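no FASTA, just this:
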């Protein structure tokens with residue numbers, strides 16, 4: 001009877017007036033809204049996205065999905081809690097508070113019980129990043145709450161993704177709760193074709209239904225696991241597709257139950273972390289019932305299945321019952337490839353039935369080699385669940401790519417998954433290409449990872465060295481022609497004392513994948529000489545965008561690159577979240593062709609962009625250089641020191657526009673020593689600000705300020721206190737700007 005009475009109380013509460021929780025006057029200081037209003041997108045913007053689906057850019061997607069006038073506004077609504085706050089796992093634990101930096105909780109508007117089905121989602125994610133988030137941690141699934149907060153979508157300028165969110169100001173339990181059989185907990189049953197379309201041969205969000213599914217709680221019945229990528233101590237990737245469809249969707253690990261890297265850092269209890277001996281392990285393939293929350297998070301799980309890049313929904317299951325295996329083929333665990341010789345490449349795998357009661361009928365390995373050989377071998381059951389076989393007829397330098405396919409007695413078979421690559425190099429790794437290259441030259445991890453040290457015979461040049469946290473990262477390259485896959489990072493626990501330009505010979509080491517980045521660890525090496533490093537490879541940011549962008553970035557991972565004449569297109573690459581130490585630069589000035597720049601090096605600290613700094617949006621930098629890297633789903637450049645950020649050749653001022661009626665005629669002399677004359681011209685009279693900036697964007701001298709007539713003027717600049725170097729002279733007048741450079745010599 002408790003369930004029935006609680007449900008009756010909850011429904012009656014819908015009609016009762018709700019006491020305001022936001023401070024101020026409703027309609028003036030805040031708006032009382034429903035969640036579907038927050039998720040709504042104006043029809044004209046939806047129509048644009050639909051009409052231009054095949055040519056959409058990140059800028060266009062972002063502009064149209066952030067057209068809701070409630071964004072940035074304070075709102076209030078009443079909802080039921082759908083997910084356990086102690087399962088939220090996206091943010092790290094803050095040492096000072098002992099709680100996560102953000103708590104993610106999904107809630108559904110109680111109006112969904114009485115409102116007819118419409119075209120907008122009634123579900124949204126509350127993201128509590130307050131230092132005191134105890135009120136959110138105190139919530140239980142089924143609690144009715146009144147939320148006062150700011151509509152603050154998580155968006156990406158690089159991919160155009162927008163996930164509607166609420167940043168709470170206050171969360172107050174009303175005292176009502178809902179039983180587990182309440183209709184509020186019913187997911188919307190869908191297929192991948194309901195939420196996605198095929199555009200340009202790849203998956204893309206169905207923009208006509210974006211508002212209907214943004215944040216929504218959905219269920220996919222009997223969906224295929226196309227590829228499950230386990231990570232026993234890390235973040236798992238899974239790709240799904242409904243039967244008979246081409247569209248796909250990938251898992252997003254908002255929940256602690258679907259990631260394996262929080263054990264030890266999140267205390268359990270009270271948090272619902274996975275223990276080290278009970279990791280979440282998805283089937284490599286199979287059929288499951290899947291439910292969770294749809295997010296446009298700008299994440300494709302590194303599967304690169306959408307067009308434009310990452311224009312796909314992800315699904316966040318939150319509890320164990322959201323991922324129910326219905327039919328699973330045999331589960332294959334391939335042992336590390338390591339090295340092979342011309343005597344053969346031994347293959348060893350553990351194979352167990354994926355469905356209770358079934359048995360393993362056969363295990364084969366399909367293989368190809370770079371020398372042109374191909375074939376299939378049968379693996380033999382040697383003991384327990386272990387199967388072994390050997391690929392023969394190999395040549396020195398061969399790459400062997402193989403896929404193991406296991407079939408059970410009911411005919412369920414593992415489809416081809418990520419192939420494992422074993423290289424044949426005469427028992428020693430002699431080039432970076434051999435550890436860095438992916439099997440198909442596209443996105444993916446190294447073909448070789450090793451749990452124990454293996455022989456190397458590798459000569460390389462140190463290109464960079466920097467501190468990052470407790471590690472020292474040394475970037476090396478081994479090809480003077482700067483070919484793809486010729487750079488890699490070495491991770492040291494302490495500073496090895498290597499200098500840029502040092503020549504080293506590595507004789508032993510391990511190859512690991514650290515959050516998607518191929519690295520060498522535990523290396524044994526000798527310094528054989530020193531000199532100049534290889535040149536930076538000059539590239540443009542557009543190479544790392546578009547259909548082939550991720551593959552091109554993968555090929556340049558670990559290499560030293562330089563980007564000339566780049567514009568800062570986003571001073572905070574993760575706005576409105578963050579900043580997380582990254583800005584966005586672009587060779588053509590557009591965010592669609594942007595590339596992130598990360599302050600991973602301890603010598604650079606970036607907190608979102610001081611208005612007078614190099615990071616100001618609109619600044620054009622002479623160059624930005626560094627080493628290519630990948631983390632949190634994004635390729636990015638890592639400068640080592642501030643010297644890797646070139647001088648500002650054009651300074652942006654918020655609100656200014658390109659000059660049409662003011663200009664700097666010249667500076668005399670140039671170079672200058674202690675003083676110079678600056679001649680400028682105004683088409684109309686107005687207030688003038690004429691200042692000098694260094695290459696970091698810091699103001700170092702004021703030359704003139706005040707009212708000037710419409711004419712040509714010459715003023716004296718006192719430069720006596722400035723060090724030798726290049727400086728930018730900036731003229732601001734009548735809302736317009738003009739800049740020039742001046743050199744100071746001593």
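Looks like it came in fine. Treat the numbers as computed from the prediction; the structure is a model and nothing was measured.

now stretch 77-97, how far from the chain's geometric center?
Between the mean C-alpha point of stretch 77-97 and the mean C-alpha point of its chain there is a distance of 21 Å (CA atoms, centre = their mean, to the nearest Å).

Show me what counts as buried in stretch 218-232.
Neighbour counts over stretch 218-232 (16 or more other CB atoms under 10 Å) mark 218-221, 223-231 as buried. Heads up, the C-betas are built off the backbone N, CA and C, glycines and all.

which residues of the protein score low on pLDDT?
Within the chain, the ranges that satisfy pLDDT under 70 run 1-20, 114-119, 336-338, 415-421, 423-427, 447, 608-614, 650-660, 695-697.

Filter the buried residues of stretch 218-232 down to the ones in strands?
Among those, the members falling in strands (DSSP state E) are 218-221, 223-229.

Pipe those into CSV and attach distance to residue 244 per row.
As requested, these are arranged in CSV below (distance: CB to CB, whole Å):
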residue, distance to residue 244
218, 18
219, 17
220, 13
221, 13
223, 11
224, 10
225, 15
226, 13
227, 18
228, 20
229, 24
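
from those, which single one is nearest residue 573?
Ranking those by separation from residue 573, with CB to CB as the measure, puts residue 229 on top at 25.8 Å.

Next, find the distance separating that closest one from residue 262.
Between residue 229 and residue 262 the computed distance is 18 Å (CB to CB, to the nearest Å).

Helices of the stretch 101-250 of the chain, residue ranges please.
Assigned by DSSP state H, counting those that start in this stretch, the helices in the stretch 101-250 of the chain fall at 134-137, 192-195, 210-213.

Nearest approach to residue 359 belongs to which of these?
Distances from residue 359 to each of the helices of the stretch 101-250 of the chain were compared by CB to CB, and the smallest falls on helix 192-195, at 31.8 Å.

distance between that closest one and the chain's centre?
24 Å.

ok, residue 668 to residue 545 distance?
Look at residue 668 and residue 545: by CB to CB, they are 43 Å apart.

and those two? which has more neighbours close in?
residue 545 (26 against 12; other CB atoms under 10 Å).

and which of the buried residues of stretch 218-232 is nearest residue 128?
The nearest one, if we look at the buried residues of stretch 218-232 relative to residue 128 and count by CB to CB, is residue 218, at 23.4 Å.

Just grab the bridge partners of the closest one for me.
Assessed by DSSP bridges, residue 218 has beta-bridge partners residue 188, residue 292.

Surely it and residue 315 touch.
Yes. If you go by CB atoms under 8 Å, residue 218 and residue 315 touch, sitting 7.2 Å apart.

Report the buried residues of stretch 357-370.
Of the residues in stretch 357-370, those buried by neighbour count under the rule 16+ other CB under 10 Å are 358, 360, 362-365, 367-369.

How about residue 209, nearest residue that isn't a chain neighbour?
Spatial nearest neighbour of residue 209, chain neighbours left out: residue 195 (6.6 Å); criterion: CB to CB, 6 or more residues apart in numbering.

for residue 721, what are its contacts?
Remark: with contacts taken as CB atoms under 8 Å, 6 or more residues apart in numbering, residue 721 is in contact with residue 701.

Verify the contact between residue 26 and residue 33 for me.
No. Assessed by CB under 8 Å, residue 26 is found out of contact with residue 33, at 10.5 Å.

If you count surrounding residues, which of these two has more?
Relative neighbour count places residue 33 above the other of residue 26 and residue 33, with 16 against 11, counting by other CB under 10 Å.

helix or strand for the closest residue to that one other than its chain neighbours, which one?
Closest residue to residue 33 in three dimensions, ignoring its sequence neighbours and counting by CB to CB, 6+ apart: residue 75, at 4.7 Å. When secondary structure is defined using DSSP states H and E, the element that contains residue 75 is strand 74-81.

same check, this time on residue 476
Residue 476 is part of strand 471-477, with elements assigned from DSSP H and E.

What pairs with that strand, parallel or antiparallel?
Paired with strand 471-477 in the same sheet, following DSSP bridges, are strand 454-468 (antiparallel), strand 487-492 (antiparallel).

Show residues contacting it.
Strand 471-477 is touched from outside by 432, 460-467, 486-496, 498, 504, 533-534, 558-560, 600, 627, with contacts defined as CB under 8 Å, 6+ apart.

run the last query once more with 7 Å
For strand 471-477, the surrounding residues in contact (CB atoms under 7 Å, 6 or more residues apart in numbering) are 432, 460-466, 486-496, 498, 534, 558-560, 627.

Looks to me like residue 47 is in a strand.
No. With DSSP: H, G, I helix; E, B strand; the rest coil as the criterion, residue 47 is located in helix rather than a strand.

What is the burial count for it?
13.

now swap in the one 10 residues further on and tell me
Summarising burial for residue 57: neighbours were counted as other CB under 10 Å, giving 16.

Over to the one 3 residues further on?
For residue 60, the count of nearby residues is 17 (other CB under 10 Å).

Which residue ranges of the stretch 451-600 of the chain form strands?
Per DSSP state E, counting those that start in this stretch, the stretch 451-600 of the chain has strands spanning 454-468, 471-477, 487-492, 503-514, 517-529, 537-538, 560-570, 582-586, 594-598. These are given in chain order.

Test my guess that residue 327 contacts residue 285.
No. In terms of CB atoms under 7 Å, residue 327 does not count as a neighbour of residue 285; the distance is 9.8 Å.

Comparing the two, which residue is more hemmed in?
Residue environment comparison for residue 327 versus residue 285 gives the larger neighbour count to residue 285, 23 against 17, counting by other CB under 10 Å.

Residue 199 contacts residue 305, correct?
No. With contact defined as CB under 7 Å, residue 199 does not count as touching residue 305 (11.8 Å).
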